[in-house]
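*Asks:* take this sequence and fold it.
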Amino acid sequence: MQSEFEFESFIKIKVPMKKDIHPQYREVVFQDTSSDFKFITRSTMTSNETITMEDGNTYPVIKVEVSSASHPFYTGKNLFVDTAGRIEKFQKRYKK
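*Replies:* Reported below is the predicted structural model:
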């Protein structure tokens, strides 16, 4: 397989593509574990787990902790995250 790249709109360079170096790009399901929201997209990520969606097809499933269905910015809900330990650790480390 060869690709053509135009340079200065009058020079064409043919570059051979390397074979067997690209990961497989396929449809996968991303599942938000906190809200059970699922969506199908294309990705190179792999998984041993599969899921059957409403369309009857089986897809590999990638589990994520946060998506647009559960992120506070997109949902408009303020989510309290326990950062007290992190803040104290930071202040202790950088205290002058």
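
*Asks:* which ones are touching the most centrally placed residue in the chain?
*Replies:* Centroid-nearest residue in the chain, with Cα atoms, centre = their mean: residue 43, separated by 7.5 Å. Listed by Cβ atoms under 8 Å, 6 or more residues apart in numbering, the contact partners of residue 43 are 25-26, 28, 30, 62. Every C-beta, even on glycine, is put in place using the N, C-alpha and C of the backbone.

*Asks:* which residues touch residue 63?
*Replies:* 30-31, 33, 49.

*Asks:* flag the least confident of those residues.
*Replies:* Taking pLDDT as the measure, those have their low point at residue 33 (84).

*Asks:* my read is that it contacts residue 64, right?
*Replies:* Yes. Residue 33 lies in contact with residue 64 (Cβ atoms under 8 Å); the separation is 7.0 Å.

*Asks:* quick check: end-to-end length of stretch 60-68?
*Replies:* End-to-end distance for stretch 60-68: 20 Å, by Cα to Cα, to the nearest Å.

*Asks:* having no further points to raise, I will conclude here.
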